[in-house]
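[1] missing the sequence, but the structure's below:
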């Protein structure tokens, strides 16, 4: 956002012009698809733009690679979620199959949830989803999962704290 | 915040219990930080409220399957590339850099806050504060503070105000203070100094320097205005750039042109197009993010 630049920093447009090709082939190697690599290369620069901090001229490729790696993992997660979600839908009767708009929204929501809950144990996550999405009480969740009500309480509190930290710390 | 979690769970365990509800209301009202923790708790829960999701059991199964998938891919494909990264996505879209702070504003946003009775704060664009007891920590950006007794810690010093209204702003390499009413005592590594109404002070790590009435009205933003008097175009654009995302630059040929005027901050687009009426410049807006101001052809 600054109008002036210092010598130690590199302008984003210069970085874009000089490193886009390199980043694209770097991404292509890990994704195996030129089109996806081009999209993620573009996303990487948008992240830098939104981040809005000076870019040190010393190791710009390391910075690009760091952001791009995260995007690759996100891309895989989205892909995996999509497949798992479509598999679930395939079990539904045709009359219950959601519209593309609904599927899109559900996917976005799933991605957000997957990210929020990343790192939690499956047991904690399951109890928490029944609490948040299912709207069940601790006792009901305890019955369904075959654990004590006290354990469910601990799981839910742990997951809430985890989500809070992901969002705000 | 743990207390906010306990409240959330108590409320769920006692649906429709008005006693629990009013106890919760009282707790929230007692302190702005309780309310903040509660609001954040609601935001977290909001991520899970979507009627289009499959039911809880199916969603859990989807997540488990995706987990297995991703970890397999990581192992297979990433070993060779040495990738160990986590996720890159920001959960909160368009969040300000300091979004982990207690109170923060996004670019282009201004927000008033009322604390502890008579303390009035206002955060300017892209700003963040933390509250530590009676002390306000300015983590970035700009803060207006008005009240009988306040303490603002900024990057390069501590400002103590008595019956004072003042603006504290973080600049590159120094912190800036302007006092509109009352008196503020500044304590910094370079010494301490009293700043009276109508004066300003730049707090550098190694010195304190008085600020003369500049080309920019330091209080105008709190009324939603950008008021400038004989300011360099480059400085004006740097100021305007704080209120919008993306890049805003000008050609050296027009950087020293001067302008004066009153601009509204809630119309960042108009703020730019207005200068073409005042100066012989044109605005080259290649994308929403990339704007260049140059001499009129």
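    Here it is on my side, so go on. What you see is a predicted model, and the numbers here were worked out from it, not measured in a lab. Numbering: from 1, shown residues only, chains lettered A, B, ... in the order given.
[2] which residues of chain A fall in strands?
    A:9-10, A:55-56 (DSSP state E).
[3] mean pLDDT added to those strands, as a markdown table?
    Formatted as a markdown table, the strands of chain A follow (pLDDT from 0 to 100):
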| stretch | mean pLDDT |
| --- | --- |
| strand A:9-10 | 82 |
| strand A:55-56 | 80 |
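[4] between those strands, which one is closest to residue B:282.
    Comparing the strands of chain A against residue B:282 with Cβ to Cβ, the closest turns out to be strand A:9-10 (27.3 Å). All C-beta spots, glycine's among them, are computed from the backbone N, C-alpha and C.
[5] what residues does that closest one touch?
    A:54, A:55, A:56, A:57, A:60 (Cβ atoms under 8 Å, 6 or more residues apart in numbering or on different chains).
[6] going by distance to residue A:144, which of these wins?
    Closest to residue A:144, out of all of the contacts of strand A:9-10 and judged by Cβ to Cβ, is residue A:55, at 50.7 Å.
[7] quick check: closest non-adjacent residue to the closest one.
    residue A:10 (5.1 Å; Cβ to Cβ, 6 or more residues apart in numbering or on different chains).
[8] residue A:68 now?
    residue A:44 (4.8 Å).
[9] what distance do you get for that neighbour to residue A:80?
    From residue A:44 over to residue A:80 the distance is 21 Å, taken as Cβ to Cβ, to the nearest Å.
[10] where exactly do the helices run in the stretch 51-200 of chain B?
    B:56-73 (DSSP state H, counting those that start in this stretch).
[11] those strands in it, which residues are they?
    Assigned by DSSP state E, counting those that start in this stretch, the stretch 51-200 of chain B shows strands spanning B:103-104, B:111-115, B:119-123, B:128-132, B:135-140, B:142-154, B:157-171, B:174-188, B:191-196, B:200-203.
[12] how much space between residue B:220 and chain A?
    20 Å (Cβ to the nearest Cβ, to the nearest Å).
[13] so where is the chain shaky, pLDDT-wise?
    I'll assume chain A. A:1-7 (pLDDT under 70).
[14] oops, chain B please
    Across chain B (using pLDDT under 70), the flagged ranges come out as B:74-101, B:116-117, B:133.
[15] residue nearest the middle of it, spatially speaking?
    The centroid of chain B falls nearest to residue B:127 when counting by Cα atoms, centre = their mean (2.3 Å).
[16] ramachandran coordinates for the residue lying closest to it once chain neighbours are set aside?
    Nearest non-adjacent residue to residue B:127, counting by Cβ to Cβ, 6+ apart: residue B:141, 2.4 Å away. When read as degrees, to the nearest 10, the backbone of residue B:141 gives phi 90, psi -140.
[17] got the contact list for residue B:141?
    With Cβ under 8 Å, 6+ apart, residue B:141 has these contacts: B:98, B:105, B:123, B:124, B:125, B:126, B:127, B:128, B:169, B:170.
[18] wait, which of these is closest to chain A?
    residue B:126 (8.6 Å; Cβ to the nearest Cβ).
[19] neighbour count for residue A:44 and residue A:80, which is higher?
    Comparing residue A:44 with residue A:80 by other Cβ atoms under 10 Å in any protein chain shown, the one with more neighbours is residue A:44, at 28 against 22.
[20] wouldn't that one be in contact with residue A:67 here?
    Yes - between residue A:44 and residue A:67 there is a contact at 5.0 Å, judged by Cβ atoms under 8 Å.
[21] can you list the domains in chain B?
    Chain B breaks down by automatic domain parsing into domains covering B:1-90, B:103-211, B:220-295.
[22] now do the end-to-end distance for the last one.
    I take that to be domain B:220-295. Criterion Cα to Cα, to the nearest Å; first-to-last residue distance in domain B:220-295 is 29 Å.
[23] deepest of the strands of chain A, which one?
    strand A:9-10 (a mean of 17; mean count of other Cβ atoms under 10 Å in any protein chain shown).
[24] burial of the closest residue to chain B within chain A, as a residue count?
    Here chain A gets closest to chain B at one residue, residue A:70, 2.5 Å apart by Cβ to the nearest Cβ. Using other Cβ under 10 Å, the number of residues around residue A:70 comes to 18.
[25] likewise for residue B:286?
    Neighbours of residue B:286 (other Cβ under 10 Å): 9.
[26] what of residue A:100?
    7.
[27] hmm, back to that, between the contacts of residue B:141, which has the most around it?
    residue B:127 (29 neighbours).
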